[in-house]
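Q: next one to model:
(one chain, ligands or ions: 1)
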Amino acid sequence: MRRLRSLLEALLAEMDGAPDRGALAPVLEAPRNAADAPDGGAWAAALAQARAEVERLRRELEAERTLVPLGAPPAPTPEGLIGASPALAEVFARLEAVAARDTTVLLLGETGTGKGLLARAIHARSPRRDRPLVYVNCTALPANLIESELFGREKGAFTGASAQQIGRFELADKGTLFLDEVGDLPLELQAKLLHVLQEKEFCRLGNPRPIRVDARILAATNRDLQEEMARGRFREDLYYRLHIFPILLPPLRQRREDIPRLAAAFVDRFARAAGKEIRTIPEGTLARLMAYPWPGNIRELENVLERAVLTSPGDTLRVADRLEPAAAPEGRPFPTLAELERTHILQALERAGGRIDGPGGAADLLGLHPSTLRGRMRKAGIPRARPGLAPGVGLRR
Ligand SMILES: Nc1ncnc2c1ncn2[C@@H]1O[C@H](COP(=O)(O)OP(=O)(O)OP(=O)(O)O)[C@@H](O)[C@H]1O
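A: Model (predicted):
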């Protein structure tokens with residue numbers, strides 16, 4: 001008992017006291033003299049639990065000590081897009097298919113999945129690339145201001161309109177207009193937007209003379225527009241005007257195989273900016289990055305890594321953020337069974353330090369035969385070797 005306690009204390013000291021002490025408390029806080037211990041049965045159970053916890057912490061510590069190379073940063077597209085997962089390959093294929101046309105594109109996906117970056121890529125690959133890409137955030141302003149932002153106004157069009165303003169539609173003539181957060185556009189403006197999209201003309205506020213415009217429309221939203229329509233918050237006719245060529249940006253948790261590549265690219269970028277050289281990452285940290293659900297998607301990964309680069313003392317990336325697998329926040333799509341299975345497999349791999357076979361391996365933890373687990377990993381797109389890392393630095397088998 002005393003040995004177990006000192007072992008535990010040593011382990012916790014080495015881990016900087018970071019891990020949750022929950023299961024260890026009965027042993028750490030027990031009376032020094034085992035003879036003073038309360039009931040023997042409960043005591044034995046507490047000891048067994050604490051031993052299992054020590055074993056888990058030992059594996060965690062080992063994974064934190066085992067360093068793997070971050071790998072060379074992957075070559076991004078000219079617009080800075082990174083990713084080689086099948087899900088992103090589909091996005092690239094759709095980008096290729098539509099960019100050079102005048103087709104209206106609707107970019108769908110959760111916050112931080114890259115809708116803005118993709119809009120820039122579409123414009124940059126279109127014949128309009130030398131004309132402006134004009135950005136409008138449909139949530140950032142109150143309805144009356146959005147209207148004058150979009151269509152412009154004459155001097156004196158309303159109280160406070162002290163000067164003429166050229167609207168975004170006019171500025172985007174012969175170029176591209178990017179309507180970000182279009183799902184948040186107030187209903188009365190949805191009708192006006194629909195009118196411009198149909199007639200390709202609009203009027204400045206305070207001037208009845210119609211102005212013709214030739215702007216290619218890109219729109220983005222993280223809302224479920226079908227649901228918004230069902231709730232009467234989004235016009236069906238506008239939906240069909242926008243939903244001509246949708247591109248769905250998958251959430252990062254559905255393309256975790258891109259995480260090591262993105263991490264290598266972001267760490268390289270932030271380290272260069274900070275004048276640092278960061279080459280390795282603890283295996284356990286990489287496993288945590290892979291297992292975390294990333295509700296803020298690539299933006300959140302980027303922010304976590306920027307902080308980590310700035311605070312890492314040496315040439316190994318140290319991520320201080322806790323990155324607990326979080327419960328899905330309200331409003332997120334309900335996770336599918338396949339998604340849950342995938343996350344659970346990744347967590348088992350993390351807990352087993354990447355090992356599939358043998359006692360305490362991921363297959364053992366999940367109650368599966370190792371070959372069944374390998375089959376499910378293949379199906380879920382979980383790589384056995386981590387892409388983006390040097391060959392042979394994959395998940396251990
Ligand atoms: N495939 C990618 N490769 C590299 N960086 C990316 C990729 N996708 C997104 N990013 C980066 O992630 C951040 C968020 O991207 P972006 O602003 O385009 O997301 P968004 O979907 O438009 O978010 P929101 O809905 O909140 O406006 C940006 O810094 C962007 O450069």
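
Q: that's a helix at Pro208, yeah?
A: No. Applying DSSP: H, G, I helix; E, B strand; the rest coil, one finds Pro208 to be coil, outside a helix.

Q: so how far is Gln164 from it?
A: 15 Å (Cβ to Cβ, to the nearest Å). Yep, even glycine has a C-beta here, placed from its N, CA and C like the rest.

Q: out of these two, which sits in the busier spot?
A: Gln164 (14 against 6; other Cβ atoms under 10 Å).

Q: got a list of what the spatially closest residue to the more buried one that is not a sequence neighbour touches?
A: Leaving aside its sequence neighbours, Gln164 sits nearest to Lys155 (Cβ to Cβ, 6 or more residues apart in numbering; 5.0 Å). Counting by Cβ atoms under 8 Å, 6 or more residues apart in numbering, Lys155 makes contact with 161-164, 206.

Q: so Lys155 versus Thr316, what's the distance?
A: From Lys155 to Thr316 the distance is 61 Å (Cβ to Cβ).

Q: and the residue of this structure that's closest to the ligand?
A: Gly114 (2.6 Å; Cβ to the nearest ligand atom).

Q: hmm, that residue is touching Ile298, no?
A: Yes. Contact status for Gly114 versus Ile298: in contact at 5.9 Å, counting by Cβ atoms under 8 Å.

Q: leaving out chain neighbours, which residue sits closest to Asp268?
A: Pro73 (4.0 Å).

Q: er, Asp102 I mean
A: Nearest non-adjacent residue to Asp102 (Cβ to Cβ, 6+ apart): Arg216, at 5.2 Å.

Q: quick one: the one you found from Ile345, how far?
A: 42 Å.

Q: part of a strand, is Ala220?
A: Yes. Under three-state DSSP, Ala220 sits within a strand.

Q: next, count neighbours for it.
A: Ala220 has 25 neighbouring residues, counting by other Cβ under 10 Å.

Q: tell me what it is bridged to.
A: Taking DSSP bridges as the rule, Ala220 bridges to Leu107.

Q: is it true that it touches Leu185?
A: No. Counting by Cβ under 8 Å, Ala220 stays clear of Leu185, with 11.7 Å between them.

Q: which residues do those two both contact?
A: In contact with both Ala220 and Leu185: Leu179, using Cβ under 8 Å, 6+ apart.

Q: list the beta-bridge partners for the nearest residue to Glu201 once chain neighbours are set aside.
A: Nearest residue to Glu201, sequence neighbours excluded (Cβ to Cβ, 6+ apart): Pro210, at 4.4 Å. On the basis of DSSP bridges, Pro210 is bridged to Cys203.

Q: dump the residue contacts of Pro210.
A: Here Pro210 is in contact with 201-203 (criterion: Cβ under 8 Å, 6+ apart).

Q: how near is Ala308 to Ala263?
A: Distance, Ala308 to Ala263, using Cβ to Cβ: 9 Å.

Q: of the two, who's got more company?
A: Using other Cβ under 10 Å as the criterion, Ala308 and Ala263 rank with Ala263 on top: 27 against 22.
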